[in-house]
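1. 3D, please:
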Amino acid sequence: MDFSNPYDTRRGPLLSRNAVATSQPLAAQAGLAMLYQGGNAVDAALAAAIALTVVEPTGNGLGSDAFAIVWDGAGLHGLNASGRSPAGLASDKVAQRGWDSVTVPGAVSGWVALSERFGALPFEALFAPAIGYAENGFAVSPIIARLWHLGGEVLSQQPGFAENFLPHGRAPRPGETFHNPAQARSLRLIAETKGEAFYTGTLADKIADDAARHGAALTREDLATHRVDWCGTLQTGYAGVAVHEIPPNGQGIAALSALGILEHFDLAAHAPDSAQALHLQIEAIKLGLADAEGFVADPAHMDVEPEEMLAPDYLARRAANIDPDLAQVASKGAPKHGGTVYVTAADDQGRMVSLIQSNYMGFGSGVVVPDTGISLQNRGAGFVNTPGHANRVGPGKRPFHTIIPGFVTRDEKPLMSFGVMGGPMQAQGHVQMVTRMMVHQQSPQAASDAPRWRFVSGREVAVENSMPLKTVEALEAMGHKIVREAPDNAFGFGGAQLIARHIDGYVAGSDHRKDGCAVGY
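-> Predicted coordinates for the structure are as follows:
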């Protein structure tokens, strides 16, 4: 690993035997507190994730969905804690906000499942930091304050939003203290009942009653029948390592497709910030995203098997579509013949956790259930209206998900736990992190600090304004339509958190585009 950092950055990498990295400092410290108390990496990740629902409500809440990849010291496990659309859903239209965009929230069930299977501390102990911040208040951090303001402008008329999130009729400003006593009460109920209150008890009743009041399809039965899936991981080989993602209904397969395509090119022959290196990655992710958009859905409804999308001969055919010198418009192939928060944690016993949870768009649906502090996701917006598409909106289905935790192994041993928050940027961010670290040996912090690109559509690519001008000009000469953008501290270029094994401990990095940090001891 090369510890030099050629990028303008405020941060250095963290080196320690135990580590937590996430997008809000108070949440990172909540995770660290569990490690100090004798907990393990799973306890740390969960405490941080629970705290994030309080201190970063712009990206997640008690009504989020979640996914996780866990190395338990002996093997790798994948968890899908996303929910399905209501069984009684009758609409064939895709809603972006409001109650009609809400599917069953799965994050709470994911916390319970992870704690029961891998945790060392009592479930209730994981909630103490979050309850304290909700009840006693916390100082709102700057980037989150900006997103809060933007969310308030869009969602103030959604049911329960203003009452919960806009004290004094506006979003809190940086440094102002925000209290959420209703959420503190809900957190206590979830902790005391190990999640039962949320799916079959008092909180379930309040969620279902509010849905009925607004004519929404979500019912008590939808909540009570929700279950998580231990789904394992999909993987592809790249640069001597295995990169792991959660199987569909998430977009992680797009990152694996792109990396499998890049395996057919000598990326190491090009400097990490050169136009040629970026061009190959952009063209590969175009193809991966086209396939994800065309085929990924609830696995029970997919027309192709995920393994077919990653078959070596198919990825070789996809790689042959790339012109090394010219940008192209990508379309889906034929593999079958015929607003988000992320936390990673690692402990000195070798356990590593990659956990992501999200309300999807900023503040999700905008709906907050009265007297609970439960803000609900808008994952129903991930469906499509296209007739015959596997991801067409319908009842009892898991929608396409953008949130994806990542993991890397080498020789079947853990090497890196990582994620890049930011909607459709996530698979693209995974490709950029993996290539920078595995091909160019950059440290987690340097890989995170490097200027990012984001494929938009067609031949259009957005780049951060810190991208070298000569690189931009060379990409334009290849036919890319480049749009230079300032980092918007939101979804545009994502927010990376990474922990990699190194000698006797770990090296962690935390994205300067977010408020968070990496902590450890």
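
2. what about the helices in the stretch 401-521 of the chain?
-> Assigned helices in the stretch 401-521 of the chain, in chain order: 425-434, 444-449, 469-477 (criterion: DSSP state H, counting those that start in this stretch).

3. for the chain, which residue is closest to the average position?
-> Geometric centre of the chain, nearest residue: I403, 3.6 Å, by C-alpha atoms, centre = their mean.

4. Hmm, H512 is touching T9, no?
-> Yes. In this structure, H512 is within contact of T9 by C-beta atoms under 8 Å, at 6.0 Å. From N, CA and C alone the C-beta is placed, and that goes for glycine too.

5. Show me where the stretch 251-400 of the chain has its strands.
-> 341-346, 352-358, 368-369, 374-375 (DSSP state E, counting those that start in this stretch).

6. Just name the most buried of these.
-> Most buried of the strands of the stretch 251-400 of the chain by mean neighbour count (mean count of other C-beta atoms under 10 Å) is strand 341-346; its value is a mean of 35.

7. Can you list the helices and strands that that one packs against?
-> If you count contacts as 3 or more C-beta pairs under 8 Å, 6 or more residues apart in numbering; DSSP states H and E, strand 341-346 packs onto strand 19-22, helix 25-36, helix 41-55, strand 352-358, strand 413-421, strand 495-502, strand 505-510.

8. how much does it deviate in direction from helix 41-55?
-> Counting by axes from the mean of the first three to the mean of the last three C-alpha atoms, to 10 degrees, strand 341-346 lies at 150 degrees to helix 41-55.

9. if we can go back for a sec, check the contact lists of H512 and T9 and give me the overlap.
-> Common contact partners of H512 and T9 (C-beta atoms under 8 Å, 6 or more residues apart in numbering): D449.

10. Adding distance to A216 and mean pLDDT, write the strands of the stretch 251-400 of the chain out as TSV.
-> Listed next are the strands of the stretch 251-400 of the chain as TSV, based on distance: least, C-beta to C-beta, whole Å; pLDDT from 0 to 100:
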stretch	distance to A216	mean pLDDT
strand 341-346	25	96
strand 352-358	20	97
strand 368-369	11	98
strand 374-375	14	98
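
11. ok so L79 is a helix residue?
-> No. L79 is assigned strand when assessed by DSSP: H, G, I helix; E, B strand; the rest coil, not a helix.

12. Next, the contact list for it, please.
-> 66-70, 110, 113-114, 228-231, 246.

13. show me the contacts for Y521.
-> Contacts of Y521 by C-beta under 8 Å, 6+ apart are S16, R17, N18, L32, L35, Y36.

14. how about low-confidence regions in this structure?
-> Within the chain, the segments meeting pLDDT under 70 span 332, 334-338, 487-491.

15. which SSE is L114 in?
-> helix 107-118 (DSSP states H and E).

16. Any idea how far that helix is from the middle of the chain?
-> 17 Å (C-alpha atoms, centre = their mean, to the nearest Å).

17. Going by neighbour count, which residues of it are buried?
-> Residues A107, V108, S109, G110, W111, V112, A113, L114, S115, F118 are the ones in helix 107-118 that count as buried (16 or more other C-beta atoms under 10 Å).

18. Pull the number of nearby residues for D313.
-> 8 (other C-beta atoms under 10 Å).

19. So for the biggest helix by length in the chain, could I get the coordinates as PDB, restricted to C-alpha?
-> The residue-count maximum for a helix in the chain (DSSP state H) belongs to helix 275-295. C-alpha atoms of helix 275-295 as PDB (Å, rounded to 0.1, in the frame of the first residue of the first chain):
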ATOM      1  CA  ALA A 275      -7.900   9.800 -19.200                       C
ATOM      2  CA  GLN A 276      -7.300   6.300 -20.500                       C
ATOM      3  CA  ALA A 277      -7.800   4.700 -17.100                       C
ATOM      4  CA  LEU A 278     -11.000   6.700 -16.500                       C
ATOM      5  CA  HIS A 279     -12.300   6.100 -20.000                       C
ATOM      6  CA  LEU A 280     -12.100   2.300 -19.600                       C
ATOM      7  CA  GLN A 281     -13.800   2.500 -16.200                       C
ATOM      8  CA  ILE A 282     -16.600   4.700 -17.600                       C
ATOM      9  CA  GLU A 283     -17.200   2.500 -20.600                       C
ATOM     10  CA  ALA A 284     -17.300  -0.600 -18.400                       C
ATOM     11  CA  ILE A 285     -19.700   0.800 -15.800                       C
ATOM     12  CA  LYS A 286     -22.000   2.000 -18.600                       C
ATOM     13  CA  LEU A 287     -22.400  -1.600 -19.700                       C
ATOM     14  CA  GLY A 288     -22.800  -2.800 -16.100                       C
ATOM     15  CA  LEU A 289     -25.500  -0.200 -15.300                       C
ATOM     16  CA  ALA A 290     -27.300  -0.900 -18.600                       C
ATOM     17  CA  ASP A 291     -27.600  -4.600 -17.600                       C
ATOM     18  CA  ALA A 292     -28.700  -3.700 -14.100                       C
ATOM     19  CA  GLU A 293     -31.400  -1.400 -15.400                       C
ATOM     20  CA  GLY A 294     -32.500  -3.900 -17.900                       C
ATOM     21  CA  PHE A 295     -32.600  -7.100 -15.700                       C
END
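
20. Right, I'll leave it there.
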